[in-house]
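> my questions concern the predicted model and sequence given below.
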Amino acid sequence: MKAISPLVASVLLIAITVAVSGLVGLWFTSFTRTSTGTVSREAEMQIACNSASMSFSNVCYDSQSKQLKGYITNTGIVNLGNISLQLIYDNTTSKLFYLYYAGGDVIASETCCGNLTMRPQEMFPFSIPSDSNYYILRVISNCTTTGTDNVYSYDISSC
Amino acid sequence: MLAYWSSSFVASTLPTKNQTSQECNFLDFVIEDCKFDTATLSLRIIVKNIRTVTIEGLNLQIFYPNGTISEPIRLEGKISPGELKGFLLDKSQTNISSDFSKIVLTSVQCPDKSREDFCTRV
């Protein structure tokens, strides 16, 4: 029985080592890229949203039309999008209203998803149907941590 | 064969572990409101998702001054980023007694994320 020559053995060993390192290197590169990509996107969003802020004003309940009315203002210094209003009732059930901008008016719809965007200091009126047992009204934007505001029933007057 | 098994095990397990660990970095919530009705012994909890990962579910535990802790009670329902979710629990669900000291909510998918509240008695 003849063995392979030392030269061929060395070449084979080097080739296998290079191939395996290449494969591991490729996997590691793509794994690192995916991992850092997610963290980077989240970090960018957090930085942008640090300057985001939203607030309610003049919120009142019209018992005749059974509507909650008021204004939302982008009180931060960045544009906000995906704006929606969430209503929590006393019995903890909730409703989500997506805000659309159409023909100069802001329309609230339970159909996903709204197209309303707000520039800094921009203010829009809203009006949403509600039973009188509302508890918390919340505005949510794409900046889910900072571009939000709540108003409780005890801060809502009659229209 | 061992090499094949170990490489496929690492390839399938590591991304899941990594995703969970990454998700948990971006998951957080606060107890926006907690009220305990002393007449009906019902508990109303409002939870706010304050980060960018959807909360899949929460476990509630009730603590008593004598050191006893209730069994975890699963609060079902997803909470999307930025949204609120309310839970209204009556005595049959919690078996709560009015002398409880605090409640603790723990995320199901990230058990290291928990919040406590002493709840307002009404």
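Okay, I see it.
> which residue of chain B sits farthest from its center?
Largest separation from the mean C-alpha position in chain B: residue B:1, at 41.9 Å (Cα atoms, centre = their mean).
> so who does residue B:27 touch?
B:51, B:53, B:55, B:107, B:109, B:110, B:113 (Cβ atoms under 8 Å, 6 or more residues apart in numbering or on different chains). Just so you know, the C-beta spots here come from the backbone N, C-alpha and C atoms, and that holds for glycine as well.
> next one: phi and psi at the nearest residue to it once chain neighbours are set aside?
Using Cβ to Cβ, 6 or more residues apart in numbering or on different chains and skipping the chain neighbours, the partner closest in space to residue B:27 is residue B:53 (4.1 Å). Note on residue B:53: its backbone torsions stand at phi -110, psi 140 [degrees, to the nearest 10].
> show me the contacts for the residue of chain B found nearest chain A.
Nearest residue of chain B to chain A (Cβ to the nearest Cβ) works out as residue B:86 at 2.8 Å. Residues in contact with residue B:86 (Cβ under 8 Å, 6+ apart) are A:88, A:89, A:91, A:92, A:93, A:94, A:135, B:44, B:45, B:46, B:47.
> okay, residue B:114: pLDDT?
Residue-level confidence at residue B:114 comes out at 95, pLDDT.
> just give the closest residue to it, not the sequence neighbours.
Spatial nearest neighbour of residue B:114, chain neighbours left out: residue B:106 (4.1 Å); criterion: Cβ to Cβ, 6+ apart.
> for the one you found, list the residues it contacts.
B:58, B:59, B:61, B:72, B:113, B:114.
> swap in residue A:152?
By Cβ under 8 Å, 6+ apart, residue A:152 lies in contact with A:135, A:136.
> just the pLDDT for the closest residue to residue B:65 other than its chain neighbours.
Nearest non-adjacent residue to residue B:65, counting by Cβ to Cβ, 6+ apart: residue B:101, 5.0 Å away. Confidence at residue B:101, expressed as pLDDT, is 93.
> quick check: residue B:101 touching residue B:63?
Yes. In this structure residue B:101 lies within contact range of residue B:63 using Cβ atoms under 8 Å: 5.1 Å.
> neighbour count for the two, which is higher?
residue B:63 (16 against 13; other Cβ atoms under 10 Å in any protein chain shown).
> so who does that one touch?
Residues in contact with residue B:63 (Cβ under 8 Å, 6+ apart) are B:69, B:70, B:100, B:101, B:102, B:103, B:104.
> now the buried members of the residues you listed.
Among those, those classed as buried by 16 or more other Cβ atoms under 10 Å in any protein chain shown are B:70, B:100, B:103, B:104.
> strands along chain A, start to end?
A:54-62, A:67-74, A:84-89, A:94-102, A:105-109, A:123-129, A:134-140, A:149-152, A:157-158 (DSSP state E).
> kindly write the PyMOL command that selects the buried subset of the contacts of residue B:86.
Restricted to buried positions by 16+ other Cβ under 10 Å, the PyMOL selection for the contacts of residue B:86 reads:
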select buried, (chain A and resi 88+89+92+94+135) or (chain B and resi 44+45+46+47)
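> which of the contacts of residue B:86 sits closest to residue A:102?
Comparing the contacts of residue B:86 against residue A:102 with Cβ to Cβ places residue A:94 closest, at 24.6 Å.
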